[in-house]
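Participant: coordinates for the following, if possible.
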Amino acid sequence: TELGEIQAARGRLGSIEGVDSRRQSVLASARQVPGSPWTLVAKIDRDEVVAGFESVARGVALAVALSFCLSLALALGITYHQRRGMTDKLERANRRFLALFDHAKEGVLLFGRNGRILGLNATAREMFRIGDRTVVGLPLEQVVAHEDLHSRPVRWRELEERGSLTSERRLRRTDGEMIVVQVQSLSLPDGRYISILHDLTERRATEQRERRAKRIAKLGAWHWDVGTDAVHWDDETFLLFGYDPALDRASRETWLGRVHPEDRERVEHTLARALAGDAAYDCEYRILLPDGSVRWFRSVGDLQRAESGAPLRIEGAIQDLTEQRHARAALDAARWQLAESQKTEAIGRLAGGIAHDFNNVVGIILGYGELAAAELAPEHPARAHLAEIGRAAGRAGELTKQLLAFARRQPVAQRAVDFALMLAESGKLLAPILGENIELQISAPADLGAVRADPSQLTHLVLNLAVNARDAMPRGGRLLLTARA
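Facilitator: Prediction:
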């Protein structure tokens, strides 16, 4: 390399590296002196520059190395503490998970990819009455055997694809008792499956009892969304209306289609009043079933409104009242008959008292007539009049006996009774009882013959039949009493 001076003389300016006359490597800097042809050259031995630089570089390198070591140590320390903290957190989380797993109110089962049990909590053991028996590694079918698992096997592939599945199953516990469980299964990221079991046995049993009670009471439930006009019936309501829950759809039209035409306007008016807020919805009406029979129903509902007062929905119940109405009608008839019987008994008591007093008067008339006839000569014309008085008193005595028989005060005495004559005599009592709007006709042949009975009881029987017939003809008619041998 040429001397710095030579390179400067040749016109090179700036930093120059070369050798000087001592053959030492130097670093030079050449600058043109302004306003003159001279060039100024400054130089320094390269070894002096490098020595200083290496000293500084070694210091910097040492500082960098120390910094790196400190940083590495710090990083390692932080990483160690972080890992230790994460490990502790994982251990605590795992302990919490195990505690929750084992003490959860729901049954929990953990399955592997092959569908075999990896673990189950205490609730699941109690739910299936497994006890302390080892079941880890076994498929569920070997632990809880029931045809439901064979007819509807667990869909592991679908569970893996969808991530979760929910189903309801009837399973048999190890003690033989059937239980109903809702199974919520989840697919875990590590390939395992977890199933959470909710015991629905008591709930389903309660629902079954409620359905049975509603069926016995012939009671159904319904609700109507006023805004959307959507109607919902429970199964019992469908059956009460003669519909099939699986085939028919609940709607207002379906309901009104069953209401008796004579009641439809009244039913719709009652519903409109309830919506307007004028009255509660409570209505009894008739239903025409597909077989042509008519049933009585009572429907009640609770109207729910929005804050603005607009009707939102009606939730209600419906009950078949047909048997109750029949029983009520029979009870009313029995009460009416009882009242009539009490009235008849009162009339009988009155008639018996009158007949008893009248019989005493008739006895006096007969006695004095006989005394008067005894004092007259046989050819006396007044004897004929006294005989007629005696015959009239005798007929009055017979009427008295009939009144006593009606009042049931006559002692029972069976004898031969001319039935045709008894009917004719009873007709005299029936005419005022039946009234003017009922025509009485008696048909009995003269040769009918006699029957052995109590005349008073027979008369009372004919009177009861006639009174019942009169009550059956409130607008009048014809009553025919016929006797045949």
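
Participant: contacts and neighbour counts: CA atoms only from here.
Facilitator: Noted.

Participant: for this protein, name the helix or strand with the lowest mean pLDDT.
Facilitator: Counting by mean pLDDT, DSSP states H and E, the weakest-scoring helix or strand in the chain turns out to be helix 4-9, with a mean of 49.

Participant: which strand residues bridge the residue positioned nearest the centre of the chain?
Facilitator: Per Cα atoms, centre = their mean, the C-alpha nearest to the average position across the chain is that of residue 221, at 6.0 Å. Residues in a beta bridge with residue 221, per DSSP bridges, are residue 317.

Participant: and it, how far from residue 315?
Facilitator: 8 Å (Cα to Cα, to the nearest Å).

Participant: sorry, back to before: quick check, pLDDT for the residue nearest to the centre of the chain.
Facilitator: On the pLDDT scale, residue 221 is placed at 91.

Participant: which stretch of helix or strand covers residue 420?
Facilitator: Assigned by DSSP states H and E, residue 420 falls within helix 419-434.

Participant: which parts of the longest strand seen in the chain are buried?
Facilitator: For the chain, the strand with the greatest residue count under DSSP state E is strand 294-305. For strand 294-305, a neighbour-count test (16 or more other Cα atoms under 10 Å) marks 295-301, 303-304 as buried.

Participant: repeat for stretch 243-261
Facilitator: In stretch 243-261, counting by 16+ other Cα under 10 Å, buried: 243, 250, 256, 258-260.

Participant: of those, closest to residue 448?
Facilitator: residue 260 (53.8 Å; Cα to Cα).

Participant: once you drop chain neighbours, what's closest to residue 320?
Facilitator: residue 297 (4.6 Å; Cα to Cα, 6 or more residues apart in numbering).

Participant: who touches that neighbour in this structure?
Facilitator: Contacts of residue 297 were listed using Cα atoms under 8 Å, 6 or more residues apart in numbering, and they are 284-287, 318-322.

Participant: ok, back up a step: surely the residue nearest to the centre of the chain and residue 234 touch.
Facilitator: Yes. Judged on Cα atoms under 8 Å, residue 221 makes contact with residue 234 at a distance of 5.7 Å.

Participant: ok, back up a step: want to throw the buried residues of strand 294-305 into JSON lines with pLDDT and distance to residue 457?
Facilitator: As requested, the buried residues of strand 294-305 are exported to JSON lines (pLDDT from 0 to 100; distance: Cα to Cα, whole Å):
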{"residue": "295", "pLDDT": "92", "distance to residue 457": "43"}
{"residue": "296", "pLDDT": "93", "distance to residue 457": "43"}
{"residue": "297", "pLDDT": "94", "distance to residue 457": "46"}
{"residue": "298", "pLDDT": "92", "distance to residue 457": "48"}
{"residue": "299", "pLDDT": "92", "distance to residue 457": "51"}
{"residue": "300", "pLDDT": "92", "distance to residue 457": "53"}
{"residue": "301", "pLDDT": "91", "distance to residue 457": "57"}
{"residue": "303", "pLDDT": "89", "distance to residue 457": "63"}
{"residue": "304", "pLDDT": "88", "distance to residue 457": "66"}
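
Participant: where does residue 342 land in three-state SS?
Facilitator: Secondary structure, DSSP: H, G, I helix; E, B strand; the rest coil: residue 342 is helix.

Participant: all strands of the stretch 151-300 of the chain, in order?
Facilitator: Taking DSSP state E, counting those that start in this stretch as the test, the strands found in the stretch 151-300 of the chain are 164-172, 178-187, 193-199, 219-225, 230-233, 281-288, 294-305.

Participant: in JSON lines, list those along with distance to residue 415.
Facilitator: Formatted as JSON lines, the strands of the stretch 151-300 of the chain follow (distance: least, Cα to Cα, whole Å):
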{"stretch": "strand 164-172", "distance to residue 415": "79"}
{"stretch": "strand 178-187", "distance to residue 415": "76"}
{"stretch": "strand 193-199", "distance to residue 415": "82"}
{"stretch": "strand 219-225", "distance to residue 415": "60"}
{"stretch": "strand 230-233", "distance to residue 415": "70"}
{"stretch": "strand 281-288", "distance to residue 415": "56"}
{"stretch": "strand 294-305", "distance to residue 415": "53"}
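
Participant: nearest to residue 379, of those?
Facilitator: The nearest among the strands of the stretch 151-300 of the chain, by Cα to Cα, is strand 294-305 at 80.7 Å.

Participant: send me the closest one as CSV with only the CA atoms.
Facilitator: Taking Å, rounded to 0.1, in the frame of the first residue of the first chain, the C-alpha atoms of strand 294-305 are listed here in CSV:
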residue,chain,number,x,y,z
VAL,A,294,-123.7,-34.5,23.5
ARG,A,295,-121.5,-33.7,26.5
TRP,A,296,-121.6,-30.8,28.9
PHE,A,297,-118.4,-28.9,29.6
ARG,A,298,-117.3,-26.0,31.8
SER,A,299,-114.4,-23.9,30.6
VAL,A,300,-112.6,-21.3,32.9
GLY,A,301,-109.7,-19.1,32.1
ASP,A,302,-107.3,-16.5,33.6
LEU,A,303,-106.6,-13.6,31.3
GLN,A,304,-103.1,-12.0,31.4
ARG,A,305,-102.7,-8.5,30.1
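
Participant: can you tell me how far residue 421 is from residue 293?
Facilitator: 49 Å.

Participant: compare the two (neighbour count), which wins?
Facilitator: residue 421 (16 against 8; other Cα atoms under 10 Å).

Participant: what's around residue 290, how many residues?
Facilitator: 11.

Participant: out of the strands of the stretch 151-300 of the chain, which gets nearest to residue 439?
Facilitator: Across those, residue 439 has its closest neighbour in strand 294-305 (37.2 Å, Cα to Cα).

Participant: where in the protein is pLDDT low?
Facilitator: Where the chain drops to pLDDT under 70, the residues are 1-24, 26-103, 144-152, 154, 402-413.

Participant: who are the contact partners of residue 225?
Facilitator: 231, 312-314.

Participant: is it bridged to anything, and to what?
Facilitator: Beta-bridge partners of residue 225, counted by DSSP bridges, are residue 230, residue 313.

Participant: measure it to residue 233 for me?
Facilitator: 12 Å.

Participant: likewise residue 115?
Facilitator: In terms of Cα to Cα, residue 115 sits 41 Å off from residue 233.

Participant: before we move on, back to that, and the helix holding residue 420, what does it pack onto?
Facilitator: Counting contacts by 3 or more Cα pairs under 8 Å, 6 or more residues apart in numbering; DSSP states H and E, helix 419-434 packs against strand 438-443, helix 455-471.
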